[in-house]
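>>> My questions concern the predicted model and sequence given below.
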Amino acid sequence: MEQPPERRQSLPPQAEPSRPLRVAVIIGSTREGRVGDVIGRWFADRAAGRDDLELAVVDLIDFDFPAHYPDRPTRQMSAFAAEVGRADAFVVVTPEYNRSFPASLKQAIDFAYDEWRTKPVAFVSYGHGAGAGLYAVEQLRSVFTELHTVTLRNGVNINLFEDWPVGSAAPSGAFRAGDRAAGLMLDQLGWWGLALREAREARPYIS
């Protein structure tokens, strides 16, 4: 028997498909002989099959930044800031140099400010030894907190001695944990990216 109109259960409206999150994968090392570009593109390949993310690899070596901070932004500085502004979320690929991250990465981070705000940041770190770049990540968390971002707890950490053979374009077979870590991190990045994008669109951020 059909229920009276006042007793019928209303169904929630069908959710419209969300547009993909634009994720900028920022390769932070510009050192000669680096492996950061290989690791960054390995990570991008892990994420390429996801239809909820739209990836853009932003390699700092492709930007001609000034040696001294100028009075006005150069075209290259503005181009990098525009890449940051277009993104909904970030994955920063960083080595560990002397228990911190590269100067090239700090320089680039400082070229943008408002463009970073209220967006999530995840990390793929690498280094020689069990630390696997985690000292660099902890330093970066402080920097990105100052920029009003949300940094993810989970990340991908690569021990170059064990996980990435010298001269190899791919990790060793024992690095399957890296694939699992990348998948979990991307799931969390997608959640935070969507939540924060919706919040930005709903109301202005207070700072």
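Noted; the coordinates are in hand.
>>> what residues are up against Ala81?
Going by CB atoms under 8 Å, 6 or more residues apart in numbering, Ala81 touches 73, 111-112, 115. Backbone N, C-alpha and C define where each C-beta goes, glycine included.
>>> And the helices in the chain?
For the chain, the helices defined by DSSP state H occupy 36-47, 75-86, 103-109, 134-146, 176-202.
>>> Who are the packing partners of the first one?
To tie it back to what came earlier, the one meant is helix 36-47. Counting contacts by 3 or more CB pairs under 8 Å, 6 or more residues apart in numbering; DSSP states H and E, helix 36-47 is packed against strand 21-27, strand 53-59, strand 89-95, strand 120-127, helix 176-202.
>>> Check what pLDDT the nearest residue to Trp192 once chain neighbours are set aside gets.
Sequence neighbours aside, Pro120 is the residue nearest to Trp192 in space, at 3.8 Å (criterion: CB to CB, 6 or more residues apart in numbering). If you check Pro120, the pLDDT there is 98.
>>> From Ala82, how far off is Pro120?
Distance, Pro120 to Ala82, using CB to CB, to the nearest Å: 19 Å.
>>> Same question for Gly131.
Taken as CB to CB, the span from Gly131 to Ala82 is 34 Å.
>>> Ok, Glu201 next?
20 Å.
>>> Pick out whichever of these two has more residues nearby.
Ala82 (12 against 7; other CB atoms under 10 Å).
>>> ok, what's across the strand from the most centrally placed residue in the chain?
Geometric centre of the chain, nearest residue: Val91, 1.4 Å, by CA atoms, centre = their mean. Note on Val91: beta-bridge partners by DSSP bridges are Val25, Ala122.
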